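Trainee: Show me how the following folds:
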Amino acid sequence: MERSITLISLLLVGSLSLTVWAAQVPKVVEVEQLEDNLFVLRGAGGGGNTAVFVTTTGVVVVDSKNPGWGPPLLAQINALTSNPITTLINTHSHHDHVSGNVAFPATVDFVAHETTKANMEVMRAYSGRTEPPANVFADTAGHGLPTRTFRDRMSLGDGGDRVDLYYFGPGHTGGDTWVVFPSLRTLHSGDIFPGKNLPFLDANNGGSGVEIGNSLQQAHDGIPDVDTIITGHSTQMTWADLNEYAAFNRQFLRAVEGEHAAGRSVENIAAGWTMPSAYEGYRVPQTAQIEGSVRVIVDELDVRGGR
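Mentor: Numbers count the residues shown, from 1 in each chain. Below you'll find the model as predicted:
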């Protein structure tokens with residue numbers, strides 16, 4: 001009995017120590033300069049990629065990372081430029097892209113798609129998860145929530161400072177925004193193009209495994225004069241990579257549709273899927289992730305088919 005109590009105590013102390021250690025790990029913001037006035041800010045444990053676009057008189061920020069990352073982001077941005085931060089754009093509503101908003105001053109214009117704003121106000125659980133993410137906005141009386149929204153397209157600024165926002169339909173979530181810096185022929189895709197891997201489809205927040213391929217293709221075909229893509233979580237990609245990623249998602253949908261029509265279960269479809277040879281270099285997902293994506297698609301197909 002004493003040995004059991006000792007073991008439990010050690011486990012509890014160990015768990016507490018790990019929690020304290022995690023809280024004390026410094027949040028180090030890493031900077032990659034793409035252009036004279038465009039930077040990508042990353043950090044281990046920070047969440048999605050943040051873009052910093054320095055304009056003539058201000059700074060436009062895209063996405064603000066996980067809870068607690070707002071202050072180090074602000075410090076790094078202030079080290080890059082003395083221009084004031086004027087605008088913060090959120091590509092979608094997930095906590096690892098929006099939680100840092102709360103640290104930005106009230107003078108900032110928070111911009112997002114109208115569906116993203118609605119999702120941020122609720123911060124519901126993601127598909128496949130039972131617990132919702134921490135709602136940091138509940139502790140700030142809504143500070144950091146979007147103050148301006150758009151539906152299909154919006155432009156901010158003009159000339160070389162212009163930023164164009166596009167929405168082409170659901171994918172990762174229901175409000176995936178493409179943020180374009182026309183003067184630099186660069187855009188930030190958020191997590192609708194996270195990198196070369198199977199996307200996480202969050203149907204609970206409006207995402208769609210049936211529509212994501214079309215949304216990606218419409219973005220590729222509808223946004224002019226872009227060479228470089230800042231992805232949601234990976235390194236930069238090319239415009240050709242986006243076209244390929246759209247095809248990859250359509251091919252995955254067709255594979256699931258065929259197996260589902262043949263009467264196979266979600267588990268069997270996921271277990272039998274392998275990365276097509278045409279997509280060499282794509283990260284091979286774990287079975288649980290495949291199963292999650294398959295389940296979202298199958299549920300959509302069933303709803304559309306009246307099941």
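
Trainee: If you count neighbours, what's buried in stretch 159-172?
Mentor: Across stretch 159-172, burial judged by 16 or more other Cβ atoms under 10 Å covers Asp161, Val163, Asp164, Leu165, Tyr166, Tyr167, Phe168, Gly169, Pro170, Gly171, His172. Using the backbone N, CA and C atoms, a C-beta is placed for each residue, glycine as well.

Trainee: how about the fourth one, phi and psi?
Mentor: Read that as Leu165. In terms of degrees, to the nearest 10, the main-chain angles of Leu165 are phi -110, psi 130.

Trainee: farthest-separated two in the buried residues of stretch 159-172?
Mentor: By the measure Cβ to Cβ, Asp161 and Pro170 form the most distant pair in the buried residues of stretch 159-172, at 29.8 Å.

Trainee: Can you tell me the closest non-neighbouring residue to the one residue sitting closest to the centre of the chain?
Mentor: The geometric centre of the chain, computed from its C-alpha atoms, lies nearest to Asp191 (Cα atoms, centre = their mean), at 3.3 Å. Spatial nearest neighbour of Asp191, excluding adjacent residues (Cβ to Cβ, 6 or more residues apart in numbering): Gly232 at 3.7 Å.

Trainee: Would you quantify the distance from Phe248 to Leu216?
Mentor: Distance check for Phe248 against Leu216: by Cβ to Cβ, to the nearest Å, it reads 9 Å.

Trainee: likewise Asp191?
Mentor: Using Cβ to Cβ, Asp191 is found at 12 Å from Leu216.

Trainee: hang on, the earlier thing: contacting residues around the residue nearest to Asp191?
Mentor: Applying Cβ atoms under 8 Å, 6 or more residues apart in numbering to Gly232 gives the contacts Gly48, Asn49, Thr91, His97, His172, Ser189, Gly190, Asp191, Ile192, Phe193, Pro194, Gly195.

Trainee: Format those as TSV; extra columns: distance to Gly157 and pLDDT.
Mentor: Below are the contacts of Gly232 laid out as TSV (distance: Cβ to Cβ, whole Å; pLDDT from 0 to 100):
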residue	distance to Gly157	pLDDT
Gly48	23	98
Asn49	21	98
Thr91	18	98
His97	22	98
His172	26	98
Ser189	20	98
Gly190	20	98
Asp191	25	98
Ile192	23	98
Phe193	24	98
Pro194	27	97
Gly195	28	96
